[in-house]
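Asker: Give me a model of this one.
(chains A and B)
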Amino acid sequence: DAKTTQPTSMDCAEGRAANLPCNHSTISGNEYVYWYRQIHSQGPQYIIHGLKNNETNEMASLIITEDRKSSTLILPHATLRDTAVYYCIVRVVGAGNMLTFGGGTRLMVKP
Amino acid sequence: KAGVTQTPRYLIKTRGQQVTLSCSPISGHRSVSWYQQTPGQGLQFLFEYFSETQRNKGNFPGRFSGRQFSNSRSEMNVSTLELGDSALYLCASSPGLAEETQYFGPGTRLLVL
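Answerer: Residues are numbered from 1 along each chain as shown, chains lettered A, B, ... in the order given. Next up is the predicted model:
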């Protein structure tokens, strides 16, 4: 699986959009971009994933650049409960369920 | 549907002992993966089981082993515990191998003294 690079930490004001970047410049054509988050001491939670088109669900939006070398996770209206470590992962779907986690971004939502 | 359940939630052992952790996947899910999370190494993949067969294995010593039963429940075992095995052990399940989403349990926190 391709390596990802994320900022170590970010702050966001409550109610504002949180934009979390991820660089995956060595991504292959058959690798998807996944986002998970982990709230303190809990198991990781799936957020969203995409291949090359932008995706949106009830939790977040995923914007993938046209060359697929980077992406941004957007939490449109961050709340204090969104404070967590966010992991960007690239993986090939259909080749097993192993996830390779990097260090992630620690997002702190402040009142 | 009930989520992924892991037992026990907390465990204290001493060096040299062995431990068995249990994971019950979401009903209907046949793939179970295990991960170890430590402050120093982060989240690391241990192994994955599907239909009672180990499909993938991470870079861990042979002291770490696992198995999956016919009802998809899984156990992992760590023998001859070391202090460095203190960690949060997480289990994740998904319907199959080609699935897009894995669902994680709350984890078992193991402390080795």
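Asker: Parallel or antiparallel, list what pairs with whichever strand or helix holds B:Arg109.
Answerer: Counting by DSSP states H and E, the element that carries B:Arg109 is strand B:108-112. Strand pairing for strand B:108-112, using DSSP bridges, gives strand B:10-13 (parallel), strand B:87-94 (antiparallel).
Asker: Just give the number of residues close to B:Pro106.
Answerer: The local packing of B:Pro106 (other CB atoms under 10 Å in any protein chain shown) involves 16 other residues. Yep, even glycine has a C-beta here, placed from its N, CA and C like the rest.
Asker: List the residues that contact it.
Answerer: By CB atoms under 8 Å, 6 or more residues apart in numbering or on different chains, B:Pro106 lies in contact with A:Gln42, A:Gly43, B:Val4, B:Thr5, B:Gln6, B:Arg9.
Asker: Report the separation between it and A:Ser25.
Answerer: 34 Å (CB to CB, to the nearest Å).
Asker: Contacts made by the strand holding B:Arg109 with the rest, please.
Answerer: Under CB under 8 Å, 6+ apart, the answer for strand B:108-112 is A:41, B:6-15, B:19, B:21, B:78, B:81-89.
Asker: buried sites along that strand?
Answerer: Neighbour counts using 16 or more other CB atoms under 10 Å in any protein chain shown place B:Thr108, B:Arg109, B:Leu110, B:Val112 of strand B:108-112 among the buried residues.
Asker: can you dump the C-alpha coordinates of that strand into CSV?
Answerer: Output in CSV follows, covering the C-alpha atoms of strand B:108-112 (Å, rounded to 0.1, in the frame of the first residue of the first chain):
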residue,chain,number,x,y,z
THR,B,108,-8.8,-4.9,24.9
ARG,B,109,-6.3,-3.0,26.9
LEU,B,110,-3.5,-5.3,28.1
LEU,B,111,-1.0,-4.3,30.7
VAL,B,112,2.0,-6.5,31.3
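Asker: Run the chain-centre distance for it.
Answerer: In this view, strand B:108-112 has its centroid 12 Å away from the chain centroid, taken as CA atoms, centre = their mean, to the nearest Å.
Asker: Which residue is it, in chain A, that comes closest to chain B?
Answerer: Of all residues in chain A, A:Gly43 sits closest to chain B, at 3.2 Å by CB to the nearest CB.
Asker: ok, how many other residues are close to the closest residue to that residue other than its chain neighbours?
Answerer: Closest residue to A:Gly43 apart from its sequence neighbours, by CB to CB, 6 or more residues apart in numbering or on different chains: B:Phe104 at 3.2 Å. Other residues near B:Phe104 number 23, with proximity taken as other CB under 10 Å.
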